[in-house]
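Undergrad: sharing a model that was predicted from the sequence below.
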Amino acid sequence: MNVEYCKVEENIKIAKDTYRMKIRGNFVKECRNPGQFINIRIGNGKEFMLRRPISISEIDRGENLVTIIFRINGEGTKFLADIEKGNDIDIIGPLGRGYDIFSLTKGQTALLVGGGIGVPPLYELAKQFNRKGVKTIHILGFNTKDEIFYEEEFSKLGETFISTVDGSYGTKGFVTDVLNEKEIAFDKYYSCGPISMLKALIALNGDKEGYISLENRMACGIGACYACVCKKVKKEKKNDLVKYDDKKVEYTRVCYDGPVYKVGDVELE
């Protein structure tokens, strides 16, 4: 983890209220796992007390570049959208634990499911899986056609399906509607998006092994403040059987222990 002033090499609008920013910095040398994030200082620290956590969408260690994709949903992200190319930006990163690209081997198939601004971290995951010889299939969900981004980029890496809530593009409905309509064979699934989407995806896939990335609100981003905790599913192993103990409650820090977890390890509230 580094604290560093970095250079903004690009900041452009790619969809409705959605921007792509490329950042150059030495911290990129430490970026490895898809699903990690950076914490960005907004302004001089007086107008906005908390940094903004943004997931890393693409890693280029050769050029010391990372790409982030974010949506304007408040004054902080509006400030980010207005930053011009060539300006410096205060970064803490890389942070968190990402997806395990060794969870599949060459010849297997990964299903990547993203909802809205949960789509970006899956792009680096798809690229790294492809380099390992793992086939990737992608389902990307958005509210409307105007919000869609990176369909072409994902399509170059594997079969890609789009869903929109209003039916203006692709399958009408949610990512789970695509799964219900299509016969998609895969070994494990990897997802990032709203809790409601993750719950529906887990329910649909039953005992299928999967990994989810949580989008809890964060403050420090380094596990010190315990503002982003969620409940762990307590498991006790007896006679080689896994038993769930509801009486003991343990918590995990999403910014430090996550944001990526194996399905069944945390409670989704």
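TA: Yep, that arrived.

Undergrad: next, the buried residues of the longest strand along the chain.
TA: In the chain, taking DSSP state E as the definition, the longest strand is strand 2-15. Residues Glu4, Cys6, Val8, Asn11, Ala15 are the ones in strand 2-15 that count as buried (16 or more other CB atoms under 10 Å). C-beta: built from backbone N, CA, C; applies to glycine.

Undergrad: next: stretch 36-47.
TA: Neighbour count says stretch 36-47 has Gln36, Phe37, Ile38, Asn39, Ile40, Arg41, Ile42 buried, by 16+ other CB under 10 Å.

Undergrad: what of stretch 189-196?
TA: Those would be Tyr189, Tyr190, Ser191, Cys192, Gly193, for stretch 189-196 by 16+ other CB under 10 Å.

Undergrad: pipe those residues into TSV and attach pLDDT per row.
TA: Below are the buried residues of stretch 189-196 laid out as TSV (pLDDT from 0 to 100):
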residue	pLDDT
Tyr189	98
Tyr190	98
Ser191	97
Cys192	96
Gly193	94
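
Undergrad: need these in a markdown table (columns: secondary structure and distance to Asn216).
TA: Formatted as a markdown table, the buried residues of stretch 189-196 follow (DSSP: H, G, I helix; E, B strand; the rest coil; distance: CB to CB, whole Å):
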| residue | secondary structure | distance to Asn216 |
| --- | --- | --- |
| Tyr189 | strand | 20 |
| Tyr190 | strand | 18 |
| Ser191 | strand | 15 |
| Cys192 | strand | 12 |
| Gly193 | coil | 13 |
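
Undergrad: want to throw the residues you listed into TSV with distance to Val229?
TA: Listed next are the buried residues of stretch 189-196 as TSV, based on distance: CB to CB, whole Å:
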residue	distance to Val229
Tyr189	25
Tyr190	23
Ser191	21
Cys192	19
Gly193	20
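
Undergrad: among the buried residues of stretch 36-47, which one lies nearest to Val260?
TA: Gln36 (8.7 Å; CB to CB).

Undergrad: what residues are up against that closest one?
TA: Contacts for Gln36 (CB atoms under 8 Å, 6 or more residues apart in numbering) come out as Ser55, Ile56, Gly93, Pro94, Leu95, Gly96, Arg97, Gly98.

Undergrad: of those - the most surrounded one?
TA: Gly96 (29 neighbours; other CB atoms under 10 Å).

Undergrad: surely that one is in contact with Thr252?
TA: No. Assessed by CB atoms under 8 Å, Gly96 is found out of contact with Thr252, at 11.7 Å.

Undergrad: please enumerate the shared neighbours of those two.
TA: Gly258.

Undergrad: please enumerate the helices of the stretch 151-269 of the chain.
TA: All helices of the stretch 151-269 of the chain, identified by DSSP state H, counting those that start in this stretch, fall at 151-155, 175-181, 195-205, 254-257.

Undergrad: distance between the shortest one and the chain's centre?
TA: If I follow you right, that is helix 254-257. 13 Å (CA atoms, centre = their mean, to the nearest Å).

Undergrad: ditto for the second one
TA: Distance of helix 175-181 from the chain centroid (CA atoms, centre = their mean) equals 20 Å.

Undergrad: contacts only, for Gly107.
TA: By CB under 8 Å, 6+ apart, the neighbours of Gly107 are Gly133, Val134, Lys135.

Undergrad: doesn't the first one fall inside a strand?
TA: To tie it back to what came earlier, the one meant is Gly133. No. Counting by DSSP: H, G, I helix; E, B strand; the rest coil, Gly133 falls outside a strand, being coil.
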